[in-house]
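Q: sequence plus the predicted model coming up.
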Amino acid sequence: MPSNEQRRAAAKRKLERQLVRRAEQEKKRKRLVIAGSVLGVIVVAAAGVGVYFLTRGDDEASTTAESSSQVPTTTFVNTPLELPGPPPPAVKPATVDCAYPAGREPAKPVTAPATTTVATDGPEVKLAIDSTQGPIGLTLSSAQAPCTVNSMVSLAEQGYFDNTSCHRIVASPGFGILQCGDPAATGGGGPGYTFDNEYPTDLYPLGDPALQTPVNYQRGVVAMANAGISPEGDGTNGSQFFLVFGDTELPPNYTIFGTIDEAGLATLDKVAGAGVQGGARDGAPAMPISFNSVKVA
């Protein structure tokens, strides 16, 4: 039987072997950590080189192209609403009298339309918008909204919309609009006068509950923005309007006065594909869009 001294010597040798194994394991672990770190640096560097070559583009590209490419875009897909559109417009007299009472200080110097007796059976009016993101063509209908069209033509001829920004976009299922027409780009600017709603509001008596029942403002229409209707029926239309690129659910309180051409819808789809600044649902467009000029074609 081993003596106590022999047992102590054996335990000492066992402990020494364990310490040696632990030291070797620690050295091995450190070598693996160092190797992993070096490999990680290599992978990151390689990824950085790959991103550089994928995104550096053509050195000859313009500044505008470079800034536009930084905004991610997708194809906007309209989600058609099953909700019916407003009823067909009512037949109007051959001429109507329009009123443009003075309002707040204009956002840009302009005068109210000089002509207030307006024909409803004239030819359709074309507006050509040269925007920073592409052309937008509008066809305006005096048969539907003669006073609105009269105001829009007057403002365009005075250069009111030139060099102005579209300040608001909403791009989601059931709502797709780009709001423009405010030279101040705040949502509060106007031409210094107001006028009443027309189609489809004029199809309903004042106070009719149907004025609060949503209808489908279908993709491709252009309508006026406003600040609501007074209890007396006075309208608050000015210069702001919205271009509808996706079927939109709204009460019939916004005057529809024309349509957008296919080139214009393509431009709007591009802007809508970039979404809203900050990823919000409603706000400034992530892809800024301004009107260089708006002219009667």
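A: Cool, the structure landed.

Q: buried set for stretch 82-93?
A: Buried residues in stretch 82-93, defined by neighbour count with 16 or more other Cβ atoms under 10 Å: 83, 86, 89, 92. Placement of C-beta: from N, CA and C, glycine included.

Q: tell me if Phe257 really is in a strand.
A: Yes: Phe257 forms part of a strand when assessed by DSSP: H, G, I helix; E, B strand; the rest coil.

Q: what about it, how many residues nearby?
A: Neighbour count of Phe257, defined by other Cβ atoms under 10 Å: 27.

Q: might one say that it is in contact with Asn237?
A: No: contact criterion Cβ atoms under 8 Å: Phe257 and Asn237 do not qualify, at 9.7 Å.

Q: now do the strands in the stretch 151-297 of the chain.
A: Using DSSP state E, counting those that start in this stretch, the strands of the stretch 151-297 of the chain run over 164-165, 168-172, 175-180, 215-217, 221-224, 241-246, 248-250, 256-260, 282-283, 290-296.

Q: tabulate the ones you listed (a markdown table), appending mean pLDDT and distance to Tyr100.
A: As requested, the strands of the stretch 151-297 of the chain are exported to a markdown table (pLDDT from 0 to 100; distance: least, Cβ to Cβ, whole Å):
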| stretch | mean pLDDT | distance to Tyr100 |
| --- | --- | --- |
| strand 164-165 | 98 | 20 |
| strand 168-172 | 95 | 24 |
| strand 175-180 | 98 | 20 |
| strand 215-217 | 98 | 24 |
| strand 221-224 | 98 | 13 |
| strand 241-246 | 98 | 16 |
| strand 248-250 | 97 | 24 |
| strand 256-260 | 98 | 15 |
| strand 282-283 | 96 | 30 |
| strand 290-296 | 98 | 18 |
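
Q: what about Thr75, how many neighbours?
A: With other Cβ under 10 Å as criterion, Thr75 counts 8.

Q: unless I'm mixing things up, it is touching Asp269, no?
A: Yes: using Cβ under 8 Å, Thr75 makes contact with Asp269 at a distance of 6.7 Å.

Q: out of the buried residues of stretch 82-93, list just those in strands.
A: Secondary structure from DSSP state E places none of the buried residues of stretch 82-93 in strands.

Q: so which of those residues comes closest to Tyr199?
A: Pro89 (4.5 Å; Cβ to Cβ).

Q: separation between that closest one and Gly246?
A: 23 Å (Cβ to Cβ, to the nearest Å).

Q: equivalent analysis for Pro113, please.
A: In terms of Cβ to Cβ, Pro113 sits 31 Å off from Gly246.

Q: more neighbours, those two?
A: Between Pro113 and Gly246, Gly246 has the larger neighbour count (other Cβ under 10 Å), namely 26 against 20.
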